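Chemist: Turn this into a structure:
(one chain, ligands or ions: 1)
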Amino acid sequence: MAVTETLKPPATEPAELIWQDGVPESARFGDVYFNRHDGLAETRHVFISHNRLCERFEKLPSPGHFVIGETGFGSGLSFLTAWADWKQQTANQKHTVLHFISFERYPLTREELKAALSRWPELAPLSDQLTSQYPPLMNGVHRLVFEGGRVRLTLFFGEILHGLKQLPFFADAWFLDGFDPQHNPQMWSDEVIESVRAHSLPGTTFATFTAVGRVRRSLEAAGFEVRKLPGFGRKREMLAGALTTDADIPAPTIAPTDPVAIIGAGIAGTLLARNLAERGVPVLLIDKAANAGSAASGNAQGALYAKLGIEYNAQAELAATALSFSQRYYRPWKDDFWHPTGLLQLATTEKESERQRKFCDRNQYPEDFLTPVTARQASELAGIDIPVEGLWFPRSGWLEPAKACARLATHSLITPLFDFEVQHIERLESGWSIQNTDGTHQHVSKLVIACGHQTAEIAPVTGTLRLKPIRGQVTHLPESTVNPPATVICGSKYLNPVANGQATTGATFDLRNDNPEATAEGHQENMDELLRMLPNLPATGLPSAEDLNGRVAFRCTTHDYQPVAGELRTESGDKVEGAYLFTGLGSKGLVWGPLLAEYLGDLLCAQPPCLPNHLTRRVDTRRLYAKREIG
Ligand code: SAM
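Modeler: Numbering: from 1, shown residues only. Take a look at the predicted model:
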C-alpha cells in the first residue's frame, strides 16, 4: 500500500477507517471493530464472561496482579470494559494491579478513538482518561498507568508477532480478537497462536468471537482445551477454553510485602519509591542528606528534554519512549512541580542545523510529539525573538526537581530515613544489612542503590563499576534583568521560563572538576553561550558573572551515556540476589526516571515489563563492568 511504503520510523501504519452510522469499520480488512448493535454487550459476553473475569478478579489476593493479553487493541473497547469490571470487582483490594497487554499494528488516531468510544457514555469517565493518555502514534511499546497504578496498559504498536517476541510476560486470560480470520489470516496464524501459548500458563483461559475450524484446530494443537459456545446476537458460535498441560503450575507471584530499601532520595530513588508504594510495597527511603532531592536533583528548574539521534535505533527508541512516558507521568503534577510549557530544541549552529535536517529526513515522528518549526514560528511560540529554526516538543516543559522529589517521597508506605549515611552493605542469610556510619543498621530483603556516582562506592560487589560524576553549574538570572521565554529553549545551553523571580540557564559540563561551589567562570560560560544562542534576548543590565548566583550538582553518567536500571550482577555475570541498581541518568534523569522506575517496579513485583527485550538490554547493569557483552 502506497502510504505504508513511504512511512519512516517510528510512524505507525494508518488504520484506514470507514464510518457507518457512527461505527468504525476497517477498509483494509472489511470488518467492524465491534458489534454494530451492541459492542459493549458483545465484549462482556465473549471476553469477560467466558474468561470468568468477574469471579477471578474478586478472588484475587491482595497484593497481587492479574494479566490480560489481547490481540488487536482497536478502539480500546475491550480494555475499557475489562477496566470497568475490574474497578467494580476489586474496589476493596487496594493493592491489586490489572495489567492489560494489547497489540495493534494499525492504531486509530486519538480523534478516531474518541469518536468510536463516544457511543458509550457509561464508559466516559474511563474513556476520557484513555484518550487523554493515548500515546503518540510511534511504533513500539507504550505503558499507560491509570487509577493511581491499579490499572496498567501496555500497548505495543506494530505487528503482533514482533510484539509477542519482544515482551516477556504470562497472561492469566486472553482476548483473541483481530477481525475475521478469513480476511486477516496473519493475526490467526499458527505462529501467533503458538506465541500466545508461549505467553500462557497452565490454567490460562482464552475467549474469542470466532469459531472457524482452522483457529480451533490451531488452539488445540497448541495445547488449549477448546469449547464451542453460543455466540453473541446473531453469531451462532464462539470459542473459549483454557491451557491444559501436564506442566507444573507455577506458584503465584506475590508482590513483596517486606519493605524494600532504596538508597538515594534523588529523582531516581523518589520515583521508584512512589512507584513501589503505589503497588502496595512498603519502602525505606534512605539518604545521607536531611531531605529528598538534595544533590543532583536539587536544582530549582530542569528541562524535560531528550536529544534524539538521527537514526531511529534502540537508543533513540528508548529516549523517545521515556520522553513520551514522562510527559504522561507528570500530568497529575501540573502546576505543582510540572510545567508543560512546550520545549524548543534550536538549531543554533550550522552543524546542529545539518543534524536536524538529516533527522527530519530520516524520521517521521507524530506532530503531537515533535515537529520542525521555522525561526518565526519558534519566536511566536516562545514570545521572544529567536533567530534560528528548530524542533518543537509541544508536550514537554520544565520541572522543579527538588520539589518533585519531596512530593514523590510523601506517601503513607514510604518511610524516609534521612541523615543516614550508608557505610557498608552486608549480605545476610536472608536479605541485606545496611549500616549507617553511626553504627545503626537496617535489615531488608531487597535493596535498590540509586545514589548517583556514589553507587559504585557502596554496591556490594568487588569489581569496579564504571560510573563517573560530571559537574554541572547552573546560573540563576534575576527576573528583572531578562525577559525570559514562555517555553523552554534548548540549544547549546537551555533557558527556562521564569519561576520564583528567576530563570535558570546552564548547565556546564565539567568532566574533570570537583569544585562544589559555583564559580564566576562557570556563570560566564553559561552567559556567553546563552547570548550566542539568543543574541536578541531582551535583557536589561545583566549582572556580571561575579554577581550571579547559581548551583553546582554532580550528575552521574556511564561510559556510554545510557542509564542503568536492573538487577545487580557480579563481575562474572551472576545475579546478586535481592540487589538492584538505578543510576547513570546523567542530565536526563527527569526524562529517563519515570519509565525506568516503572520498569524496576515491574521487575521487583514480578509483573509484566513495560520495556521490550531489546530496550532492557540497553539499561542492563552488566555494562558497568569493562568488556562485558550483553547477550
Ligand atoms: N478489541 C478491539 C476493540 O476493543 O475495539 C477490536 C479489535 S479489531 C476487531 C482488530 C484489531 O487488530 C484491529 O485494530 C487491527 O488493526 C488489529 N490487527 C490486525 N492485524 C494485526 C496484526 N497483524 N498485528 C497487530 N494488530 C493487528
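Chemist: In the stretch 451-600 of the chain, what residue spans correspond to helices?
Modeler: For the stretch 451-600 of the chain, the helices defined by DSSP state H, counting those that start in this stretch cover 455-458, 520-533, 589-604.
Chemist: neighbours around whatever residue of the stretch 351-500 of the chain ends up closest to the ligand, how many?
Modeler: Closest approach between the stretch 351-500 of the chain and the ligand, counting by CB to the nearest ligand atom: residue 366, at 17.3 Å. (Glycine included, C-beta is placed from N, CA and C.) For residue 366, the neighbour count with other CB atoms under 10 Å is 17.
Chemist: got it, and the one 3 residues further on?
Modeler: Applying other CB under 10 Å, we find 20 other residues in the vicinity of residue 369.
Chemist: center of the chain - which residue?
Modeler: residue 595 (3.2 Å; CA atoms, centre = their mean).
Chemist: Tell me the pLDDT of it.
Modeler: If you check residue 595, the pLDDT there is 98.
Chemist: In stretch 146-160, which residues are buried?
Modeler: By neighbour count with 16 or more other CB atoms under 10 Å, stretch 146-160 contains the buried residues 146-147, 149-160.
Chemist: which of those residues come close to the ligand?
Modeler: With CB under 6 Å from any ligand atom as the criterion, the buried residues of stretch 146-160 include 159-160 near the ligand.
Chemist: In JSON lines: the buried residues of stretch 146-160, plus secondary structure and distance to residue 56.
Modeler: Putting the buried residues of stretch 146-160 into JSON lines (DSSP: H, G, I helix; E, B strand; the rest coil; distance: CB to CB, whole Å) gives the following:
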{"residue": "146", "secondary structure": "strand", "distance to residue 56": "20"}
{"residue": "147", "secondary structure": "helix", "distance to residue 56": "18"}
{"residue": "149", "secondary structure": "helix", "distance to residue 56": "20"}
{"residue": "150", "secondary structure": "coil", "distance to residue 56": "16"}
{"residue": "151", "secondary structure": "strand", "distance to residue 56": "16"}
{"residue": "152", "secondary structure": "strand", "distance to residue 56": "17"}
{"residue": "153", "secondary structure": "strand", "distance to residue 56": "19"}
{"residue": "154", "secondary structure": "strand", "distance to residue 56": "20"}
{"residue": "155", "secondary structure": "strand", "distance to residue 56": "23"}
{"residue": "156", "secondary structure": "strand", "distance to residue 56": "24"}
{"residue": "157", "secondary structure": "strand", "distance to residue 56": "28"}
{"residue": "158", "secondary structure": "coil", "distance to residue 56": "29"}
{"residue": "159", "secondary structure": "coil", "distance to residue 56": "30"}
{"residue": "160", "secondary structure": "helix", "distance to residue 56": "24"}
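Chemist: who's in contact with residue 394?
Modeler: By CB atoms under 8 Å, 6 or more residues apart in numbering, the contact set of residue 394 is 342, 367-371.
Chemist: now, which of those residues lie within strands?
Modeler: Those of these mapping onto strands are residue 371, per DSSP state E.
Chemist: Please tell me which one of the contacts of residue 394 counts the most neighbours.
Modeler: Neighbour max across the contacts of residue 394 (other CB under 10 Å) = residue 370, 23 neighbours.
Chemist: Which pLDDT value belongs to it?
Modeler: 98.
Chemist: And for residue 481?
Modeler: Reading off the model, residue 481 has pLDDT 89.
Chemist: ok, now the one 5 residues further on?
Modeler: At residue 486, the pLDDT value in this model is 96.
Chemist: next one: phi and psi at it?
Modeler: When read as degrees, to the nearest 10, the backbone of residue 486 gives phi -80, psi -20.
Chemist: Spatially nearest residue to it, not counting backbone neighbours?
Modeler: residue 383 (4.2 Å; CB to CB, 6 or more residues apart in numbering).
Chemist: Please apply the same query to residue 69.
Modeler: Distance criterion CB to CB, 6+ apart; nearest residue to residue 69, sequence neighbours excluded, is residue 171 at 3.6 Å.
Chemist: tell me the contacts of that neighbour?
Modeler: When contacts are counted by CB under 8 Å, 6+ apart, residue 171 touches 67-69, 101, 196, 199-200, 204.
Chemist: Can you pull the residues of the protein lying near the ligand?
Modeler: So the chain meets the ligand at 33-34, 72-78, 103-106, 159-160, 177-179, 184, 186-187 (CB under 6 Å from any ligand atom).
Chemist: and if we set it to 5 Å?
Modeler: Taking CB under 5 Å from any ligand atom as the contact definition, the chain meets the ligand at 33, 72, 74-75, 77-78, 103-106, 159-160, 177-179, 186-187.
Chemist: Farthest out from the centre of the chain, which residue is that? Tell me.
Modeler: Here the chain reaches farthest from its C-alpha mean at residue 541, the gap being 43.0 Å by CA atoms, centre = their mean.
Chemist: Contact partners for the residue nearest to residue 486?
Modeler: Going by CB under 8 Å, 6+ apart, residue 383 touches 485-487.
Chemist: Of those, which is the most crowded?
Modeler: Going by other CB under 10 Å, residue 487 tops the contacts of residue 383 with 27 neighbours.
Chemist: how much space between whatever residue of the stretch 501-631 of the chain ends up closest to the ligand and residue 238?
Modeler: Nearest residue of the stretch 501-631 of the chain to the ligand: residue 612, at 14.8 Å (CB to the nearest ligand atom). Computed as CB to CB, to the nearest Å, the residue 612 to residue 238 distance reads 31 Å.
Chemist: how does this protein divide into domains?
Modeler: 4-243, 260-295+402-466+560-624, 343-394+468-558 (automatic domain parsing).
Chemist: so which of the buried residues of stretch 146-160 comes closest to the ligand?
Modeler: residue 160 (3.6 Å).
Chemist: before we move on, the earlier item: can you pull the contacts of the residue of the stretch 351-500 of the chain closest to the ligand?
Modeler: Contacts of residue 366 (CB under 8 Å, 6+ apart): 11, 136-138.
Chemist: rerun at 10 Å
Modeler: 10-12, 109-110, 135-138, 324 (CB atoms under 10 Å, 6 or more residues apart in numbering).
Chemist: before we move on, what about residue 83?
Modeler: Neighbouring residues of residue 83 by CB under 10 Å, 6+ apart: 68, 76, 98, 100, 123, 126-127, 129-130, 146-147, 150-151, 153.
Chemist: mind checking the SS state of the closest residue to residue 178 other than its chain neighbours?
Modeler: Nearest residue to residue 178, sequence neighbours excluded (CB to CB, 6+ apart): residue 187, at 3.5 Å. Assigned state for residue 187: helix (three-state reduction, DSSP: H, G, I helix; E, B strand; the rest coil).
Chemist: tally of neighbours for residue 187?
Modeler: Using other CB under 10 Å, residue 187 is surrounded by 23 other residues.
Chemist: so it touches residue 103, yeah?
Modeler: Yes: in terms of CB atoms under 10 Å, residue 187 counts as a neighbour of residue 103; the distance is 9.1 Å.
Chemist: still on that earlier bit, closest to residue 522 among the buried residues of stretch 146-160?
Modeler: Closest approach between the buried residues of stretch 146-160 and residue 522, by CB to CB: residue 149, at 40.1 Å.
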